[in-house]
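> predicted coordinates and the sequence they were generated for:
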Amino acid sequence: MRIEDVYIWDINAKWLGVSPFQLMENAGAGVAKIIEEKFGKGLKIAVFSGTGNNGGDGFVTARHLSFDNDVTLFMIGDETKIRSDEAKHNWEILKKLDFVKIKVLKDSSYIKSLDLSGFDVIVDALLGAGTKGEPREPIRSAIEKINEYAGKAKIVSVDLPSGYPSNVRVKCDFAVTFQWDKEEYEGFERVIAKIGYPKELYHLVGPGDAKFALKKKGEHKGQNGKLLVIGGSEDYFGAPYLAAKAASYLVDLVYLAMPEYSARRINDPNLILRPFDGKNFRKEDVEDILTLAEGVDAVVIGPGIGTKPETKEFILEFLRWCEKPVVIDADALKAVAEDLDVLKGKKFVLTPHAGEFRILFGEKPEGSLEEKAKLVMEKANAVGGTILLKGVYDITSDGKIWKYNKTGNRGMTTGGTGDVLAGIVGALLALGNEPLRAASVGAFLNGIAGNMVKDEMGENFTALDVAKKVPFVIKRVLEF
Ligand SMILES: NC(=O)C1=CN([C@@H]2O[C@H](COP(=O)(O)OP(=O)(O)OC[C@H]3O[C@@H](n4cnc5c(N)ncnc54)[C@H](O)[C@@H]3O)[C@@H](O)[C@H]2O)[C@@H](O)CC1
Ligand SMILES: [K+]
């Protein structure tokens, strides 16, 4: 569990409808329950709250504890600075209660003169995960005041010892951290309270993951990724075009390498067309393609590329030498199935549907979501890369963890949505994302695009409609 995950999971929880009010209520209730379990009831308890959501947890803790204890709440700072709706809401409740004593303290010198003797328990809800730098006044004086009672009263910190990670911090007996202990936290005792995050958050990809993946966009001007799409054959020209089109909304440059025969039919000024002689890719093209690949951040190979023996040779030879992260899609999967060893040491995403999965690994994913995920994870581990198994629920694994996606709809069985997906995944790789995130977020965005199209057009749409929705999906996700 990393702090990055907390950010992602909070957004995903909100998306699932778990509101910040619910989380705060559970957080405060959890702290109160642990205190009563450890120290009993009928106690004299001081709760110190700040103006952030850590303080908000403190308001809820105070309310829960006040039922069976004598509670005083010390509000440290200006109550008009209480920021979030949920913290404000709980502060307003607290002010209406007659059995909780409230003292609002803004003045450091007054805080320094406080006498806390007689309190059995001090709850520290001054600062939590939103702390920036060393604690400032009047919080600092409150931290120092609480520390005068270390060893005399029980000190319980909410989420983190206030002031952490600086050294000016509350010396707590323990902190109650919420549901997922963070690897980064160290140097204090921790007790974990569950606050109602559903288990789905471990696995379900959502707007939090997407926001994080897209964060890479725009950080450095001119560095928003270059992608090479390799595809097309005498039989197909639309598939590589769809992949390139979808990707072009996400990265700065998309090169589209196609056999000349099919490239003739592409006319899109947003793509950089690189035609290769003939009707199908052949081994002779590998050197030139590798030169092109040198200039990009990621590659997509496969859409519409066909299954001619010379093309299979081309694909395997290219992959053997390619050093860029690569999405291997459609017919390229069939080529790879003949020699999985070319994948050794590469950074890649395979994007099979169930049938292609069986061609690759000789087994069909069946059974429950978890059973399928286990198989995908096992195979991803075996090939040393990331697999995105497409289906009603898309399952992604890098061999260590798995994610699933359930955006999308029946209309997306139309031809070409897989090509759009490959393009989006390639673009996310080109933006610098790890394959697992690129693949899982790609599936998520592709599904949302399909859902937006369905809202407008019903279930009869084309893959190009989906590709064209990509910029709107990005906008929506970033606003979430
Ligand atoms: N989903 C979530 O994010 C949940 C968060 N919860 C609580 O929310 C906390 C995080 O809340 P916030 O993001 O509001 O942050 P905090 O409550 O940790 O602190 C932010 C407040 O402290 C001030 N501040 C920051 N650094 C300071 C410094 N060095 N000296 C003095 N004042 C400083 C800020 O101006 C702001 O008013 C968590 O620690 C946890 O207790 C819980 O309610 C459970 C759910
Ligand atoms: K705290």
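Perfect, I can see it now. Ligands and ions are numbered 1, 2, ... in the order given.

> mind checking the SS state of the closest residue to ligand 2 within the stretch 201-350 of the chain?
For the stretch 201-350 of the chain and ligand 2, the shortest gap (Cβ to the ion) falls at L201, measuring 23.1 Å. To be clear about C-beta, it is placed using only N, CA and C from the backbone, and glycine gets the same treatment. In the three-state summary, L201 is assigned as helix, counting by DSSP: H, G, I helix; E, B strand; the rest coil.

> give me the nearest residue to it, chain neighbours excluded.
Taking Cβ to Cβ, 6 or more residues apart in numbering, and ignoring the residues beside it in sequence, L201 has W9 as its nearest neighbour in space, at 4.6 Å.

> which helices and strands sit right next to the host helix or strand of I35?
Assigned by DSSP states H and E, I35 belongs to helix 20-39. The criterion is 3 or more Cβ pairs under 8 Å, 6 or more residues apart in numbering; DSSP states H and E, and the helices and strands that helix 20-39 contacts are helix 53-65, helix 85-96, strand 121-125, strand 154-158, strand 174-178, strand 190-193.

> partner strands of the helix or strand following the second one and their direction?
When you say that, I think you mean helix 85-96. Secondary structure here is assigned by DSSP H and E; on that basis, the next helix or strand after helix 85-96 toward the C-terminus is strand 100-105. Looking at strand 100-105 with DSSP bridges, its paired strands and their directions are strand 70-76 (parallel).

> okay, and the helix or strand of the chain with the least pLDDT?
Within the chain, confidence by mean pLDDT, DSSP states H and E is lowest for helix 3-15 among all helices and strands, at a mean of 86.

> flag every buried residue along that one.
If you call a residue buried by 16 or more other Cβ atoms under 10 Å, then helix 3-15 has these buried ones: 5-6, 8-14.

> could you break the protein into its assigned domains?
Using automatic domain parsing, the domains assigned to the chain come out as 19-196, 207-479.

> do you know which of these lies nearest ligand 1?
Using Cβ to the nearest ligand atom as the measure, domain 19-196 is the one of those that comes nearest ligand 1, at 2.1 Å.

> picking that back up, list the contacts of the residue of the stretch 201-350 of the chain closest to ligand 2.
The contact partners of L201, by Cβ atoms under 8 Å, 6 or more residues apart in numbering, come to 9, 12-13, 16.

> and the nearest residue to K279 once chain neighbours are set aside, how many neighbours does it have?
Closest residue in space to K279, ignoring its immediate chain neighbours: E234 at 3.8 Å, by Cβ to Cβ, 6+ apart. For E234, the neighbour count with other Cβ atoms under 10 Å is 15.

> again with the one 5 residues further on
Using other Cβ under 10 Å, A239 has 31 neighbouring residues.

> hang on, it packs against L421?
No - using Cβ atoms under 8 Å, A239 and L421 do not qualify as a contacting pair, with a distance of 11.4 Å.

> low-confidence stretches in this structure?
When residues are selected by pLDDT under 70, those of the chain lie in 1-3, 216-222.

> show me which residues of it are close to ligand 2?
Contact residues (Cβ under 5 Å from the ion) of the chain with ligand 2: 54, 124, 128, 157-158, 162.

> so D288 sits right up against F276, yeah?
Yes - with contacts counted by Cβ under 8 Å, D288 reaches F276, the gap being 7.1 Å.

> quickly check the buried residues of helix 3-15 for the two that are furthest apart.
Using Cβ to Cβ, the two most remote members of those are D5 and K14, lying 14.8 Å apart.

> returning to that earlier point: so D288 and F276 - more neighbours on which side?
With neighbours defined as other Cβ under 10 Å, D288 and F276 compare such that F276 has more, 22 against 13.

> tell me the contacts of that one?
257-260, 263, 285, 288-289.

> returning to that earlier point: now distance to ligand 1 too, for the helices and strands packed on helix 20-39, in TSV please.
Compiled in TSV, these are given as follows (distance: least, Cβ to the nearest ligand atom, whole Å):
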stretch	distance to ligand 1
helix 53-65	3
helix 85-96	7
strand 121-125	7
strand 154-158	5
strand 174-178	5
strand 190-193	9
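
> mind putting those into CSV with mean neighbour count?
Formatted as CSV, the helices and strands packed on helix 20-39 follow (neighbours: other Cβ atoms under 10 Å):
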stretch, mean neighbour count
helix 53-65, 28
helix 85-96, 17
strand 121-125, 28
strand 154-158, 28
strand 174-178, 23
strand 190-193, 16
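
> secondary structure element for the most centrally placed residue in the chain?
In the chain, the residue lying closest to the centroid (Cα atoms, centre = their mean) is D209, at 2.2 Å. Remark: D209 resides in helix 207-215, with elements defined by DSSP H and E.

> which helix or strand lies directly C-terminal to that helix?
Sequence order places strand 226-230 as the next helix or strand after helix 207-215, per DSSP H and E.

> packing partners of that next one?
Other elements packing on strand 226-230 under the criterion 3+ Cβ pairs under 8 Å, 6+ apart are helix 238-248, strand 253-259, helix 286-294, strand 298-301, helix 417-430.

> note down every partner strand of that strand and its orientation.
With DSSP bridges as the test, strand 226-230 is paired with strand 253-259 (parallel), strand 298-301 (parallel).

> so which of the ones you listed comes closest to I45?
Each of those has some distance to I45 by Cβ to Cβ; the shortest is strand 298-301, at 56.0 Å.

> quick check: next helix or strand after that closest one?
Note on strand 298-301: by DSSP H and E, the next helix or strand toward the C-terminus is helix 309-321.

> close enough to count as contact, G302 and V229?
No - distance between G302 and V229: 9.2 Å, which falls outside the contact criterion (Cβ under 8 Å).

> so between those two, which is more surrounded?
In this view G302 and V229 are compared by other Cβ under 10 Å, and V229 has more residues nearby, 36 against 29.
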